[in-house]
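Chemist: With the input below, show me the fold.
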Amino acid sequence: MPRERVILVTGCSSGIGRATALEGAARGHRVFATARNRHDLADLERPERLETLALDVTDGAAVRAAVEAALARAGRLDALVNNAGYGQYGAAEEVTLEEWRAQFEVNLFGAIAAIQAVLPAMRRERSGTIVNVSSVSGRVAIPFAAPYSASKHALEALSDALRVELSAFGIRVVLVEPGPIETRFTERARSVVAPLIARPGPYRELYALAERAMEGDFQKGVQPPEAVARVIIDAIESERPRPRYAVGIMSRALFPLKWMLPDRCLDGLMRRALRIRSTR
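Modeler: Predicted coordinates for the structure are as follows:
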């Protein structure tokens, strides 16, 4: 039976974060589930196993306060799961700079803020696990999702550097890279794409093709969030976790292709999925 871990999870209002909090508690760990609005977590409370905290990853003071509250209650933090995030969609040209910055503020800088807040306590214990929830987009850029893909690429680079930097302190860094998952994340993506299709502009027809791909080829092998949650908790419980965990058939299939195929071939596969004809 694995020893009890104290785990803090960000972005638990739905999807992977919520499933991870429940999976951790079900396995006997003490979990602090967090979200911007604590009311979204009211049904998650489990005495002595699952507690909730308000945490907006874009607010540095809120991040520090949540970490301090967890440490005051539990005395230590064994694991941080950086799951909070969202997807900004649209052609790179048409996404505003404010939208680009907001994407990185949540998906990258929010993760950095949480990592910086937990590291002093982990370093004192000379142990701990940081799990950064990336995406298949973290290694293979998805057209019309450049802001999201770029933020996840950056999260992967951060994780690779941290894995070496923190090894001297006994702290492990793990990347979890899911493919398509059945969550509200996908619903939000559709709600963003719909007005893009309705808006006049040079990419209007391409947005419609992107939406079709999002409903078709890009959803192959879709899995429930619980599948990702099990991988996350497995990594936390492992004595020697892998640096990366690809979750789902799309993630496992695309990663080898990224390194085996020339860029032109990979571009061709993306165009085929999107039914885009190149003019060159």
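Chemist: Phi first, then psi, for the closest residue to residue 35 other than its chain neighbours.
Modeler: The shortest distance from residue 35 to any residue other than its chain neighbours is 4.2 Å, reached at residue 13 (C-beta to C-beta, 6 or more residues apart in numbering). For every residue, glycine as well, the C-beta is placed using N, CA and C. Per-residue torsions, residue 13: phi -70, psi -20 (degrees, to the nearest 10).
Chemist: Touching the lengthiest strand in the chain from outside, list them.
Modeler: The residue-count maximum for a strand in the chain (DSSP state E) belongs to strand 171-178. For strand 171-178, contacts defined as C-beta atoms under 8 Å, 6 or more residues apart in numbering pick out 16, 119, 122-123, 126-136, 138-139, 155-156, 159, 162-163, 166, 223, 228, 231-232, 235, 241-248, 251, 255.
Chemist: hmm, which of the residues you listed are the buried ones?
Modeler: Using 16 or more other C-beta atoms under 10 Å as the burial test, those include 16, 119, 122, 128-136, 138-139, 155-156, 159, 162-163, 166, 223, 228, 231-232, 235, 241, 244-248, 251, 255 as buried.
Chemist: Show me those residues that map onto strands.
Modeler: Assigned to strands by DSSP E, the following of the buried ones among the contacts of strand 171-178 qualify: 128-133, 244-247.
Chemist: Those: which two are farthest apart?
Modeler: Spanning the widest gap among those are 128 and 246, at 23.2 Å by C-beta to C-beta.
Chemist: which ones are touching the residue nearest to residue 35?
Modeler: Applying C-beta under 8 Å, 6+ apart, the residues near residue 13 are 35-37, 40-41.
Chemist: Out of those residues, give me the one that has the most neighbours.
Modeler: Among the contacts of residue 13, the one with the most neighbours (other C-beta atoms under 10 Å) is residue 35, at 25 neighbours.
Chemist: need the contact list for it.
Modeler: Each residue near residue 35 by C-beta under 8 Å, 6+ apart is listed here: 10-13, 17, 41, 52, 54-55, 84.
Chemist: Dump those to a markdown table, plus secondary structure.
Modeler: A markdown table is the format used below for those (DSSP: H, G, I helix; E, B strand; the rest coil):
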| residue | secondary structure |
| --- | --- |
| 10 | coil |
| 11 | coil |
| 12 | coil |
| 13 | coil |
| 17 | helix |
| 41 | helix |
| 52 | strand |
| 54 | strand |
| 55 | coil |
| 84 | coil |
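Chemist: out of those, which one sits closest to residue 114?
Modeler: Among these, residue 10 lies closest to residue 114 (C-beta to C-beta), at 6.0 Å.
Chemist: tell me the pLDDT at the closest one?
Modeler: Model confidence at residue 10, given as pLDDT, is 98.
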